[in-house]
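> need a 3D model of the following:
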Amino acid sequence: MSELRLSDRLAAALRTRSYSPRTEDAYLHWFRRFVRFHAMRHPRELGADDVTSFLTHLAVTERCAPATQNQALAAILFLYREVLHVDLPWLDQLVRASPREHLPVVLDRSEVTALFAAMQGTTRLVAGLLYGSGLRLLEAVQLRIKDVDFHRGCLTVRAGKGDKDRQTLLPAPLRADLLRHRAEAERQHQDDLRRGAGWVELPFQLAAKLPNAGREWAWQWFFPATRTYLHPETGQRRRHHFHESAVQKAVHEAVVRARIAKRASCHTLRHSFATHLLESGTDLRTIQKLLGHADVRTTMIYTHVLNRGPFGIRSPLEGLDAGFGVGGGQGAGSGAGPEGLPGAGLAGHLGAELGGSAEGR
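Numbering: from 1, shown residues only. Okay, the predicted model is just below:
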């Protein structure tokens, strides 16, 4: 069986199981790397030692991160189990690399203000949704007109991470700018229709079920690209959504101009959204729902980056007149965290939410 034919079967298996296009690209990449590493031998001829040697090469020679090694292993396991239908005992005995735990980079409110002051146009609006709504970058640029509800003040994320839908808030300060942007996008769409264009890509097989939906206003991208393209399979003149790389570049340049001494990116704005909500007293379960986390333990990482240290607890040094700074022991009598959030009380608050005391965790 040729590599091409096997790669086609792998792609078909991924699409049948509704894996995202990016996961499909990643798994195909690791499949080709795995086959080429073993001199184009068919995977049926390989065993546990061959898989282990490939992962060892990634870890030792290429110094890949644990997450990269685990992604490669996941692709190989999918190939054997779902495509080749090989259920070998050694598949379950392969050891996954232990991922490193990284604390998220978070901007304070003054840094967020400086960042937005250094941005303008569509990229500033998209960045505003990353921070104001907690969206991932692709979730923001892939919003459609029908997903932004100005009346109810909410955004609907369709087929987000894990192929799940969720709703989050629409920031009130962005409302006027978003309405102006939508009006401009509608004028552009009307011009496209007059020129015989105005088509947009539809999810799954919706184009077959609703042949004219691709030109309807409700299905258009909220942040459309500046140029159209010709779709070769249908002959339709389509418009893609605003490309995520443009937002990434604009955010990076804004970080440099604002002289922010942190390795900040688009995803940093989502981290800042969650952390600032937590600092303001929003409960952890609500933040979990807004972010779309499947497990509250994922959301709990933001308790470690609060302004007053992990779980909002004060350092013992704050209670001493040891001559550090001005006044030495200032703040010793106050148990309040930033914006009135109880410092020591946050640990108990989180423990109660998770069904146990903070002291026992």
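> tell me which helix or strand of the chain sits lowest on mean pLDDT?
Lowest by mean pLDDT, DSSP states H and E among the helices and strands of the chain is helix 345-353, with a mean of 41.
> got the domain ranges for this structure?
Using automatic domain parsing, the domain ranges for the chain come out as 3-93, 109-247, 306-324+332-361.
> export those to a markdown table and append columns for distance to Leu278 and mean neighbour count.
For every residue, glycine as well, the C-beta is placed using N, CA and C. Shown next, in a markdown table, are the domains of the chain (distance: least, Cβ to Cβ, whole Å; neighbours: other Cβ atoms under 10 Å):
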| stretch | distance to Leu278 | mean neighbour count |
| --- | --- | --- |
| domain 3-93 | 25 | 15 |
| domain 109-247 | 12 | 16 |
| domain 306-324+332-361 | 7 | 14 |
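> reformat the ones you listed as a markdown table; add distance to Thr299.
Shown next, in a markdown table, are the domains of the chain (distance: least, Cβ to Cβ, whole Å):
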| stretch | distance to Thr299 |
| --- | --- |
| domain 3-93 | 19 |
| domain 109-247 | 11 |
| domain 306-324+332-361 | 10 |
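> those: lowest mean pLDDT?
Mean pLDDT values for the domains of the chain show the minimum at domain 306-324+332-361, a mean of 49.
> minimum distance to Ser280: which of the domains of the chain has it?
Nearest to Ser280, of all the domains of the chain, is domain 306-324+332-361, at 5.6 Å by Cβ to Cβ.
> all strands of the stretch 1-150 of the chain, in order?
Under the criterion DSSP state E, counting those that start in this stretch, the stretch 1-150 of the chain carries strands at the ranges 148-149.
> quick check: closest non-adjacent residue to Phe242.
Of all residues not flanking Phe242 in the chain, Phe223 sits nearest, at 3.9 Å (Cβ to Cβ, 6 or more residues apart in numbering).
> contact partners for the one you found?
By Cβ atoms under 8 Å, 6 or more residues apart in numbering, Phe223 lies in contact with 122, 125-126, 140-141, 143, 181, 185, 241-242.
> in helices, which of the residues you listed appear?
122, 125-126, 140-141, 181, 185 (DSSP state H).
> so of those residues, which two are at opposite extremes in space?
The most distant members of those, if one measures by Cβ to Cβ, are Ala140 and Ala185, lying 14.5 Å apart.
> quick one on the thing from earlier: which one of the domains of the chain lies closest to Thr298?
Thr298 lies closest to domain 109-247 among the domains of the chain, at 10.9 Å (Cβ to Cβ).
> any idea how far apart the tips of the closest one sit?
20 Å (Cα to Cα, to the nearest Å).
> also stretch 46-65?
End to end - Cα to Cα - stretch 46-65 spans 24 Å.
> next one: stretch 195-208
End to end - Cα to Cα - stretch 195-208 spans 23 Å.
> identify all contacting residues around that stretch.
158-159, 189, 192, 210, 213-215, 219-221, 228, 231, 234, 236-240.
> please redo it, this time with the cut-off set to 7 Å
Applying Cβ atoms under 7 Å, 6 or more residues apart in numbering, the external contacts of stretch 195-208 come out as 159, 189, 192, 213-215, 219-221, 228, 236-239.
> among those, which lie within strands?
228, 237-239 (DSSP state E).
> switch those over to TSV; also include distance to His38.
Below are the ones in strands among the contacts of stretch 195-208 laid out as TSV (distance: Cβ to Cβ, whole Å):
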residue	distance to His38
Thr228	44
Arg237	45
Arg238	41
Arg239	43
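> check those residues and tell me the two furthest apart.
Arg237 and Arg239 (8.1 Å).
> which one of the domains of the chain lies nearest to Glu253?
Of all those, it is domain 109-247 that lies closest to Glu253, at 7.6 Å by Cβ to Cβ.
> any idea how far that closest one is from the chain center?
Centre-to-centre, domain 109-247 and its host chain are 16 Å apart (Cα atoms, centre = their mean, to the nearest Å).
> now stretch 41-56
On Cα atoms, centre = their mean, the centre of stretch 41-56 falls 32 Å from the chain's centre.
> just the residues contacting it, thanks.
The contact list for stretch 41-56, computed with Cβ under 7 Å, 6+ apart, reads 1, 34-35, 37-38, 69, 72-73, 76, 79-80, 84, 86, 90, 94.
> closest to Pro316 out of those residues?
The nearest member of the contacts of stretch 41-56 to Pro316, counting by Cβ to Cβ, is Gln69 at 40.2 Å.
> got a list of what His38 touches?
Neighbours of His38 in contact, by Cβ under 7 Å, 6+ apart: 46, 50.
> perfect, I'm done here.
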